[in-house]
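Undergrad: curious how this folds, go ahead:
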Amino acid sequence: MIKNCNDGSSNDPYLRFDINFWNLSDLPSFSEGPFNLPPSDQYRMIKEAGFSGVQDGDAQLCTNNGLRITAQHRVNKIGDLDQKIIEWKSSLMDCATVHVGWGMEDDDEANRLVEYVLSTSEKNDFPIYIETHRATITQDIWRTVQIVKRFPEVRFNGDFSHWYTGLEMVNGDFDEKLSFIEPVLSRVRFMHGRIGNPGCIQVSIDRSDKSPYVEHFKEMWKRSFKGFLTSAVPGDFLCFTPELLSPEYYYAQVVNESGRVFEKNDRWTQALLLCEIARECWEEVTIGK
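TA: Okay, the predicted model is just below:
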């Protein structure tokens with residue numbers, strides 16, 4: 001079984017708030033976050049904002065600022081993790097999330113890739129979580145559930161916007177689909193914080209937003225937290241990590257005013273808001289609010 005992240009303490013299992021460093025890429029000039037600052041100041045501001053770690057960040061700058069670090073990578077073929085696992089462990093990273101394959105693999109090819117990820121994780125005693133993502137072997141809910149049936153020990157990084165938007169999960173019975181993906185939700189051990197709607201993979205929300213898609217994501221997050229807690233032991237934690245990408249990747253929404261195109265929202269403040277919402281979901285699960 002792929003293990004949970006654990007800090008070595010006797011503390012109750014908890015939700016840890018990190019940020020993916022790509023969330024800071026090309027922030028708009030009106031951002032309240034670390035826009036156009038030297039890297040050392042960026043990491044200081046990340047720490048001051050209450051984040052505990054950075055995914056895909058600079059290991060030394062994380063150490064200098066009392067931040068933990070996690071990794072991400074793509075696995076297209078057997079061997080793609082062999083050097084990376086050495087780097088990750090030597091940098092004292094807590095875990096890694098991976099995109100596996102391109103989604104064109106047949107079942108035998110997909111099985112071999114999953115087996116490789118699992119064996120690398122177990123052999124090195126290092127958590128590696130397969131991400132639910134477009135253009136990978138987990139790009140649709142049916143195939144991902146079949147992977148769980150074949151490899152019940154697999155654990156996931158839940159990036160649900162890829163399914164919610166890409167598979168138009170609201171088309172049909174959403175509750176039925178939630179039940180169908182329960183084997184995946186119960187195995188989520190890392191989460192990329194992002195909310196999408198049926199037509200856009202990354203949308204901005206406000207504090208009072210009660211849109212159906214916001215409620216849907218909150219439900220997926222809560223079910224994932226419950227799944228984590230069923231196996232969690234003292235010191236275990238699940239990373240909630242906002243990963244709001246810039247217009248360079250066509251994720252962030254932009255507006256066009258008089259021929260001038262610019263980013264519509266501040267991905268820094270949105271990341272903080274997503275963490276607030278996730279914290280409330282966690283408290284609802286753990287405290288029963």
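
Undergrad: just give me the residue closest to the centre of the protein.
TA: Residue closest to the mean C-alpha point of the chain, counted by Cα atoms, centre = their mean, is residue 192 at 2.0 Å.

Undergrad: would you confirm that that one contacts residue 239?
TA: No: using Cβ atoms under 8 Å, residue 192 is not in contact with residue 239; the gap is 9.3 Å. For the C-beta atoms, the positions are set from N, CA and C on the backbone; glycine is no exception.

Undergrad: how about low-confidence regions in the chain?
TA: Applying pLDDT under 70 to the chain picks out residues 289.

Undergrad: what do you get if the cut-off is 90, keeping everything else the same?
TA: Along the chain, segments meeting pLDDT under 90 span 1, 35-36, 207-208, 253, 255-262, 264, 287-289.

Undergrad: can you give me the strands for it?
TA: Counting by DSSP state E, the chain has strands at residues 5-6, 14-20, 53-55, 68-75, 96-100, 128-131, 156-158, 188-193, 236-242, 254-257, 260-263.

Undergrad: helices of the stretch 151-289 of the chain, start to end?
TA: Listed from the start of the chain, the stretch 151-289 of the chain has helices (DSSP state H, counting those that start in this stretch) covering 161-166, 174-180, 182-185, 212-231, 267-286.

Undergrad: will you turn the ones you listed into a markdown table that also has distance to residue 121 and mean neighbour count?
TA: Output for the helices of the stretch 151-289 of the chain, formatted as a markdown table (distance: least, Cβ to Cβ, whole Å; neighbours: other Cβ atoms under 10 Å):
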| stretch | distance to residue 121 | mean neighbour count |
| --- | --- | --- |
| helix 161-166 | 22 | 22 |
| helix 174-180 | 26 | 13 |
| helix 182-185 | 17 | 20 |
| helix 212-231 | 16 | 18 |
| helix 267-286 | 25 | 19 |
